[in-house]
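*Asks:* what's the 3D shape of this:
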Amino acid sequence: GRCFYATEGKGRNEIRIACVLEEKKLARAIRLLKIALSKYGK
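*Replies:* A predicted model of the protein is given here:
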């Protein structure tokens, strides 16, 4: 997000990914991200 970088405009087209210890939660997050990205451009 915009508060993460000191440089103006950085991070506008990037995502941050965290380490997830539970495989089921990571798999769910990926599924939700795919759904969100498919609807984002519509």
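
*Asks:* give me the three-state assignment for residue 19.
*Replies:* Per DSSP: H, G, I helix; E, B strand; the rest coil, the secondary structure class of residue 19 is coil.

*Asks:* do the same with residue 30
*Replies:* Under three-state DSSP, residue 30 comes out as helix.

*Asks:* please renumber the chain so that the first residue is 56 from this point on.
*Replies:* Sounds good: first residue 56 from here, last item residue 85.

*Asks:* pick out the residue nearest the middle of this structure.
*Replies:* residue 70 (4.3 Å; CA atoms, centre = their mean).

*Asks:* which helix or strand contains that one?
*Replies:* If you go by DSSP states H and E, residue 70 is not part of any helix or strand.

*Asks:* residue ranges with poor pLDDT in this protein?
*Replies:* 56-58 (pLDDT under 70).

*Asks:* again, only this time at 90
*Replies:* 56-76, 78, 80-81, 84, 95-97 (pLDDT under 90).

*Asks:* contacts for whichever strand or helix holds residue 79 next, please.
*Replies:* In this structure, residue 79 is located in helix 78-95 according to DSSP H and E. Applying CB atoms under 8 Å, 6 or more residues apart in numbering, the external contacts of helix 78-95 come out as residue 75. To be clear about C-beta, it is placed using only N, CA and C from the backbone, and glycine gets the same treatment.
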